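**Q** sharing a sequence plus its predicted fold:
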Amino acid sequence: MARARKSNDEEVNLDSLMDALTNVVGILMIVFVLVQLNAAEAVKKILSELPEVTEEQLEELEEQAEEAEQELKKIEEDWQEKEKDMKAVYAELKAAKEEKRRLEETSQANQVNVIDLATLEKEKERLEKAIAAKNQEEESMLQRIEQLEKAIDDTPIYVPPESKVVRLPNPRPLPEGGAEYKFLVSGNKISYINESAYEEQLLAELERVREQSLWQKPPSQPWAKQLADAVGGNQDLARKLWPAFESLASNFQMHDMLAGFGKLHALGFDLGSSKVTQNLAILAGFQKRNLTQLADAFDIFLKDKDPTVKFPGTGAPLLGFFGIHATEPENGKMMLAFGSHRMDVNLANLKQGLMDFVKDVDEERDRKKAYRDRLIYDGKKIVSYLNEQSQRGRLGDRQCATVIRDPAPTSNRLQVEIGLREGGGEGPDDITDAASTFQRAMRKITSEKTAYAWFYVNSDSFGMYLDARNIADEMGTPAGWEPYSQANFVKTIPGMEIVQLEAPKARPPQKADQGPKVIIKGVGKTLD
């Protein structure tokens with residue numbers, strides 16, 4: 001039975017509390033004893049497992065420990081010094097960053113443009129080259145000055161020639177139908193230019209090699225390709241047309257055949273037929289016309305159907321320009337005639353009628369070969385052959401030599417250059433001799449009623465001309481003169497046509513607002 005609770009004013013019973021505390025203290029003492037026992041065992045175990053150390057080893061370990069301690073002290077000292085350096089570097093870096101920031105702010109404020117080193121190097125290189133060029137130019141100018149000074153020193157003092165009396169001219173007309181004898185005054189010498197004799201020599205030599213010098217069988221390149229292009233790229237037609245193109249090469253110019261056949265093909269003519277191409281050549285060549293002109297005439301005729309239209313640039317009827325007669329249209333028909341060949345053509349189908357007319361032209365035998373009278377030569381062969389003959393002395397005379405100029409690709413004529421041979425011509429002293437070539441020529445000219453002498457005078461030989469003219473006047477020889485800028489006499493060889501390897505350039509058309517050209521005629525040649 002529980003004890004009755006005492007009132008609050010009675011003392012509290014602490015026996016149970018003391019019993020509990022005593023129990024706890026006892027347990028703690030037991031635990032402490034056990035821990036101590038375990039610790040002693042552990043210490044014994046650790047000590048038993050430690051290696052034995054002698055006194056020497058202990059002293060050595062103590063020395064190593066002391067050395068390690070000293071090394072540690074040095075490391076600490078180095079670390080402190082490096083820490084000081086690091087702090088100094090950090091301070092400098094901080095100052096540099098601050099200076100950089102200040103410079104950037106200043107640069108932006110002043111807008112300073114910094115030129116990089118590569119740009120400066122390039123500019124330096126450019127300036128060095130410019131200086132070198134200027135130095136070279138200066139050196140060239142100094143050399144030129146030296147040359148000019150030397151030339152001035154070497155130039156002889158000009159002594160004016162002895163004054164000569166110059167007669168005032170008395171212009172008179174040339175004698176009608178008179179023969180002109182040409183004299184070239186050049187290099188202070190005078191020479192008779194017997195151009196008629198030189199022409200006869202050239203043509204005689206040409207006749208000797210005529211067949212070998214004609215322009216025949218043109219090379220397939222580049223002409224075959226150009227022929228194909230002319231007929232619209234039709235390779236098959238070009239192959240069929242080539243034999244006719246080749247056979248007509250010595251009678252028609254190459255560029256004319258290309259353009260003419262091209263236009264005739266466009267009009268619808270059957271150029272694959274050798275008969276048609278032969279007849280077209282007959283029509284074009286009868287009056288020495290070109291195939292291109294014939295094609296242009298047919299084109300206009302088919303468009304206008306009017307035979308009275310004039311061929312462009314001439315006053316001749318359109319077809320009459322080629323020897324073809326056309327009657328006035330009547331009852332829807334028109335008659336075309338070429339010699340004895342006649343045919344009525346229907347205006348409603350004029351193209352077919354014209355083509356049928358062309359197809360039967362070869363029946364007109366008396367006109368069939370007319371185009372073959374026109375001969376076209378190979379310019380390169382002619383130049384090579386004639387110049388070789390000139391070097392052999394077969395052309396020209398004792399005083400003058402003839403040289404054939406190389407023709408331009410667009411030229412259809414050759415030019416001969418007549419000049420003095422080495423040692424040829426007669427000087428001021430030579431012509432005073434009554435037996436000189438000059439005085440003999442003056443006597444011959446004087447004996448012919450309508451003949452006269454004509455002097456072509458270079459600017460370097462005017463004094464020579466005055467001497468010759470005084471002799472001519474004393475002998476009563478009619479004469480005249482003109483300035484001549486070339487040292488040699490140049491003349492086109494007549495009666496000889498060469499192949500044009502390139503088509504001549506077309507002349508620009510006259511502008512409508514220019515109006516007709518005003519040509520002021522000179523007074524022409526007159527005796528003086």
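**A** Cool, got the structure.
**Q** CA only for contacts and neighbour counts going forward, please
**A** Noted.
**Q** average model confidence for the longest helix seen in the chain?
**A** Taking DSSP state H as the criterion, the chain has its longest helix at helix 55-110. For helix 55-110, mean pLDDT is 77.
**Q** so how far is it from its chain's centroid?
**A** Relative to its chain's centre, helix 55-110 lies at 77 Å (Cα atoms, centre = their mean, to the nearest Å).
**Q** Thr526 contacts Glu176, doesn't it?
**A** No. Counting by Cα atoms under 8 Å, Thr526 stays clear of Glu176, with 11.6 Å between them.
**Q** could you check which of these two is surrounded by more residues?
**A** Per other Cα atoms under 10 Å, whichever of Thr526 and Glu176 has more neighbours is Thr526, with 16 against 8.
**Q** got the contact list for Thr432?
**A** Residues in contact with Thr432 (Cα atoms under 8 Å, 6 or more residues apart in numbering) are 439, 471.
**Q** elements contacting the host helix or strand of Glu246?
**A** Glu246 belongs to helix 235-247 when assigned by DSSP states H and E. On a contact count with 3 or more Cα pairs under 8 Å, 6 or more residues apart in numbering; DSSP states H and E, helix 235-247 meets helix 220-230, helix 274-286.
**Q** now Phe462: how far from Gly272?
**A** According to Cα to Cα, to the nearest Å, Phe462 and Gly272 sit 64 Å apart.
**Q** one more: Leu264?
**A** Distance of Leu264 to Gly272, computed by Cα to Cα: 12 Å.
**Q** repeat for Ser16
**A** 152 Å.
**Q** can you give me how far the host helix or strand of Ser390 is from the chain middle?
**A** Per DSSP H and E, Ser390 falls inside helix 379-391. A distance of 31 Å separates the centroid of the chain from that of helix 379-391, by Cα atoms, centre = their mean.
**Q** quick one: buried residues of that helix?
**A** Within helix 379-391, the residues that qualify as buried are 379, 382-383, 386-387, 389-390, counting by 16 or more other Cα atoms under 10 Å.
**Q** just the CA coordinates for it, please, in PDB.
**A** Taking Å, rounded to 0.1, in the frame of the first residue of the first chain, the C-alpha atoms of helix 379-391 are listed here in PDB:
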ATOM      1  CA  GLY A 379      50.600  37.900-154.400                       C
ATOM      2  CA  LYS A 380      53.300  36.200-152.300                       C
ATOM      3  CA  LYS A 381      54.500  34.100-155.300                       C
ATOM      4  CA  ILE A 382      54.600  37.200-157.600                       C
ATOM      5  CA  VAL A 383      56.500  39.300-155.000                       C
ATOM      6  CA  SER A 384      59.100  36.500-154.400                       C
ATOM      7  CA  TYR A 385      59.700  35.900-158.100                       C
ATOM      8  CA  LEU A 386      59.800  39.500-159.300                       C
ATOM      9  CA  ASN A 387      62.200  40.600-156.500                       C
ATOM     10  CA  GLU A 388      64.500  37.700-157.300                       C
ATOM     11  CA  GLN A 389      64.600  38.800-161.000                       C
ATOM     12  CA  SER A 390      65.300  42.400-159.900                       C
ATOM     13  CA  GLN A 391      68.200  41.200-157.800                       C
END
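**Q** show me what secondary structure element comes after that helix.
**A** Per DSSP H and E, the first helix or strand lying C-terminal to helix 379-391 is strand 400-404.
**Q** what helices or strands is that next one leaning on?
**A** Strand 400-404 is packed against helix 379-391, strand 415-420, with contacts defined by 3+ Cα pairs under 8 Å, 6+ apart.
**Q** helices of the stretch 251-400 of the chain, residue ranges please.
**A** For the stretch 251-400 of the chain, helices defined by DSSP state H, counting those that start in this stretch occupy the ranges 254-267, 274-286, 291-304, 350-359, 379-391.
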